[in-house]
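Colleague: predicted model, plus sequence, below.
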Amino acid sequence: MTGPDPQTDGWAGVPPRATTAVDGREARVVADASVDPAGGGAGSGTAGAAGTAGAAGTAGTAGVSSAAGRPAPQYGEYAPDGWVNPVLVEQERQEQRDRDHAAASAVASTERSNGTARSNGAARSNGTARPDGSARSPQGDRGRGTTRREGPSVRRLGASPVDVLLTFVLLAMGLVSVVQSLSIGSVASTVRQTLETNYTELQDPGTLNGAAMISAVGMLVVFALVLWWSVVRLRAGRRTFWVPLLGGAVATVFSSIVFVIVVFQDDGFVAAMMRQASGG
């Protein structure tokens, strides 16, 4: 025993689509209710087949009543449970990527701003900040193309090695002269012998001791000033050898003036000088 033939069964037959659409709806041909879907009930099967064939042939035959429309299905309307629209998923992913990129850009901008502020603060503390707020190298604009050496820089002493050598030699000679001048008795005795040999005896030779003391103090002060000035010029890298020479000349002139004043106050020496001047 076999089942009903799908070609002759009215329930299995699919009505054909109409050639046009009605008001945007999908038009389909609906079989007339008066037609027996089973091919005429208890009658022969050929009558039902004929009715079905007639309905399939044309929509205007007796087996077709009219076309009924329904709204066209939306995208994904007939999708199974759990189906997700890939377009919406991709849009959400793109929006998330945009938000992440914007957040990362904001963080990077904040870090750059903080780093610039810290570098400017360090440059200002080191005295290497420009007026516009940007930092400059400690070497200045002239040292842009050069490489900065690490470690403390060594400053040259004096204008040249020869200048430094001459300066120290002259300072040493000045120190020896100052030490010798501190022997007041010896200096006074030497001056006395010189005057008695070349001129005449002094009535009061003891005054030479006071002159020798004043000369020693003056030479000591001059040497201290010369030493300080020489060190300053050497550290500045300037020519310095002439400073001890100048100090020695000043000390010599000062000592000579002191002894001349003291000697010319001696009556015996003045009388001898007067006799020599008058030719007697």
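Modeller: Alright, I've got the coordinates. Numbers count the residues shown, from 1 in each chain.

Colleague: lowest-pLDDT helix or strand in this protein?
Modeller: The helix or strand of the chain with the lowest confidence, counting by mean pLDDT, DSSP states H and E, is helix 45-57 at a mean of 40.

Colleague: from L202, how far out is the closest residue to F264 other than its chain neighbours?
Modeller: In space, and not counting its chain neighbours, F264 is closest to V270: 6.4 Å by C-beta to C-beta, 6 or more residues apart in numbering. Quick note: C-beta positions are derived from backbone N, CA and C, even for glycine. Going from V270 to L202 by C-beta to C-beta, to the nearest Å gives 10 Å.

Colleague: tell me how many other residues crowd the residue nearest to F264.
Modeller: Close neighbours of V270, defined as other C-beta atoms under 10 Å, add up to 14.

Colleague: just checking, what packs against the strand or helix carrying it?
Modeller: Secondary structure from DSSP states H and E places V270 in helix 267-278. Judged by 3 or more C-beta pairs under 8 Å, 6 or more residues apart in numbering; DSSP states H and E, helix 267-278 is in contact with no other helix or strand.

Colleague: put the alpha carbons of it into CSV.
Modeller: Written as CSV, here are the backbone C-alpha positions of helix 267-278 (Å, rounded to 0.1, in the frame of the first residue of the first chain):
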residue,chain,number,x,y,z
ASP,A,267,122.1,114.8,61.6
GLY,A,268,125.5,113.2,61.0
PHE,A,269,124.5,111.8,57.7
VAL,A,270,122.8,115.1,56.6
ALA,A,271,126.0,117.0,57.5
ALA,A,272,128.1,114.6,55.5
MET,A,273,125.9,115.0,52.5
MET,A,274,126.0,118.8,52.8
ARG,A,275,129.9,118.7,52.9
GLN,A,276,130.0,116.5,49.8
ALA,A,277,127.5,118.8,48.0
SER,A,278,129.5,121.9,48.8
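
Colleague: mean confidence score for the host helix or strand of A216?
Modeller: Using DSSP H and E, A216 falls within helix 207-235. Mean per-residue pLDDT for helix 207-235: 94.

Colleague: that's all I had, so thanks and see you.
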